[in-house]
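Trainee: With the sequence up front, the predicted model follows.
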Amino acid sequence: MSGRVRVEIESGIADVRLTRADKLNALDAEMFSAITDAGTTLAADRSLRAVVLSGEGRSFCAGVDVANFAKPGGLDPFARNDAGPANRVQRAAWVWNEVPVPVIAAIHGACFGGGLQIALGADIRFARPDAKLSVMESKWGLIPDMSLSQTLLQLVRADVAKELTFTGRILSGDEAAELGLVTQLSEDPLAAAFELAHEIARRSPDAVRAAKQLLDKAPQLSVEQGLRLEEGLQRALLGKANQREAVKANLEKRDPEFSDP
């Protein structure tokens, strides 16, 4: 991977680190590309069970590197390809929705603007109580445009989302947890994220992938469509090798041995 992102995989768990620590992992053109490339590569890995996403140094990600984007001839944030619905900068956050296994973000220090939108692209978020989070784009006369329209409203009420977006105020990890922006607080969010990732990795990978698909798609479906999706996914699981192994391991009181999906 690029020098902006490091990816290591062990026991089916991907450790994805933003590595621009000297700049609080601020997002420049290379960082955007590296994050998207990492997510795209992991999405195709059938051996993967979970992803832990974090930032090295003092912060998760302080947002867009404004000085970098002010350079003539820099990144075109709105460039598109055929890879999906998102444009170039949106993909750095949205790509984690496209990874078919659970993605767990570990937040510490600053998590501002684009950094928060990347964290919101994860399925689950652990944060330090003293972390600082902000939908900060209004400070720069802009709106959040890295898929927050598709993620924030799944977590908080519309009035809360509007207040945070209109003001750009900074929240503590404590308040973010109260509002539902983060899943759980931890003094060591990275350790908590890996503990959960290992727990998930012990479940049938077929079932976990199907569950993520169901819970991501259901809010956009009618009742009938949602129920049919449940049925279709369940039919695809019943009687397959990993489902049989889950039952057998439970009956025999042993750890299951699952195969890749």
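Mentor: Sure thing, it's come through. The shown structure was predicted, so the numbers you read here are calculated from the model rather than taken from an experiment.
Trainee: quick one, helices of the stretch 151-261 of the chain?
Mentor: 158-167, 173-179, 189-201, 205-217, 223-237, 241-252 (DSSP state H, counting those that start in this stretch).
Trainee: SS state for Phe78?
Mentor: coil (DSSP: H, G, I helix; E, B strand; the rest coil).
Trainee: quick one: it from Val103, how far?
Mentor: Distance of Phe78 to Val103, computed by CB to CB, to the nearest Å: 25 Å. Any C-beta I mention is one placed from the backbone N, CA and C, and that applies to glycine too.
Trainee: the more surrounded of those two?
Mentor: Using other CB atoms under 10 Å, the more surrounded residue of Phe78 and Val103 is Val103, with 27 against 10.
Trainee: Correct me if wrong: the more buried one contacts Trp94.
Mentor: No. The pair Val103 / Trp94 is not scored as a contact, 11.5 Å apart, by CB atoms under 8 Å.
Trainee: shaky segments in this structure?
Mentor: 1-2, 68-75 (pLDDT under 70).
Trainee: Need the residue closest to the centroid of it.
Mentor: Ala122 (1.7 Å; CA atoms, centre = their mean).
Trainee: Is that residue in contact with Leu53, as I believe?
Mentor: Yes. Between Ala122 and Leu53 there is a contact under CB under 8 Å: 5.8 Å.
Trainee: Can you check which residues contact both of those two?
Mentor: Trp96, Val103, Ile104, Ala105 (CB atoms under 8 Å, 6 or more residues apart in numbering).
Trainee: The third one reaches Ala122, doesn't it?
Mentor: Yes. Under the criterion of CB under 8 Å, Ile104 lies in contact with Ala122, with a separation of 6.1 Å.
Trainee: about what we covered before: including mean neighbour count and distance to Asp37, could the helices of the stretch 151-261 of the chain go into JSON lines?
Mentor: Converted to JSON lines, the helices of the stretch 151-261 of the chain look like this (neighbours: other CB atoms under 10 Å; distance: least, CB to CB, whole Å):
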{"stretch": "helix 158-167", "mean neighbour count": "14", "distance to Asp37": "29"}
{"stretch": "helix 173-179", "mean neighbour count": "18", "distance to Asp37": "28"}
{"stretch": "helix 189-201", "mean neighbour count": "19", "distance to Asp37": "21"}
{"stretch": "helix 205-217", "mean neighbour count": "17", "distance to Asp37": "21"}
{"stretch": "helix 223-237", "mean neighbour count": "12", "distance to Asp37": "29"}
{"stretch": "helix 241-252", "mean neighbour count": "13", "distance to Asp37": "29"}
